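J.: following is a predicted model, sequence given first.
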Amino acid sequence: MESSRRKDILKDAGLDHSKERQEVEKAVKKEEERRQKKDQKRKALLESPTFQTLSFIKKGMDNFMLDPIIGLVLPAAGDIISSILALPFLYFSLFKVKSIRLTLACLFNTIMDLLVGLVPIIGDVFDLFHRSYKKNIDMIVGYVNDDAEAIKQVKQKSMWIWLLILLFIAALMLLVKIISNIFTHF
């Protein structure tokens, strides 16, 4: 316990750190409040009805292997049905988690599943191992929980989808130019 005389001497000498301690304690308290708020948000997201719907879809399509079965029974329509069932993942990542990068990463998994799934037989075998719904839900949970590996995966996949979008736009522009050249010669 310091005497008031000693405190006055330290204060006059500029060695009184009580103000700095108070600022540090205030910052620690603020950080703890931020962390608690984030934990509450995380818990609310993972317990939401929308997330429960994602879990249900994942269980049916990947755990019970409905994705490859539907693909075998309804060759092209099965892939369209599979893509439609991926829409709640995109909705959740965009409107609940509010992350464009996460949405693009989920879109990447869905597009890969769709494109490979369009190849007869090989696409259905791919669906046995790819499990895009599980990948999407794992990525969402990892992203919400600030898992470094999930965030890295989200960044990589979102970069690839941006590249695919740019390539698609370039191909579309080239196609428009070719068509316009054909019509200008007639």
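T.: Happy to help now that I have it. Keep in mind that this is a model prediction, so the values were computed, not measured.

J.: just the endpoints, please. Distance across stretch 116-129?
T.: In stretch 116-129, first residue to last residue: 12 Å (CA to CA, to the nearest Å).

J.: for that stretch, which positions count as buried?
T.: Counting neighbours by 16 or more other CB atoms under 10 Å, one finds that the buried residues in stretch 116-129 are 116-117, 123-124, 126-127. C-beta here means a position set from N, CA and C on the backbone, and glycine is covered the same way.

J.: which of the residues you listed sit farthest apart?
T.: V116 and D124 (9.7 Å; CB to CB).

J.: strands - which of the buried residues of stretch 116-129 land there?
T.: Using DSSP state E to define strands, no part of the buried residues of stretch 116-129 is located there.

J.: between these, which sits nearest L54?
T.: So of the buried residues of stretch 116-129, ranked by how close each gets to L54 (CB to CB), first place is D127, at 18.0 Å.

J.: quick check, the closest one in contact with L118.
T.: No. Look at D127 against L118 with CB atoms under 8 Å: they stay out of range, at 11.2 Å.

J.: from the contact counts, what lies against the longest helix along the chain?
T.: Longest helix of the chain, by residue count under DSSP state H: helix 148-184. Judged by 3 or more CB pairs under 8 Å, 6 or more residues apart in numbering; DSSP states H and E, the packing partners of helix 148-184 are helix 100-117, helix 132-144.

J.: out of those helices, which is closest to S158?
T.: S158 lies closest, by CB to CB, to one member of the helices and strands packed on helix 148-184: helix 100-117, at 3.9 Å.
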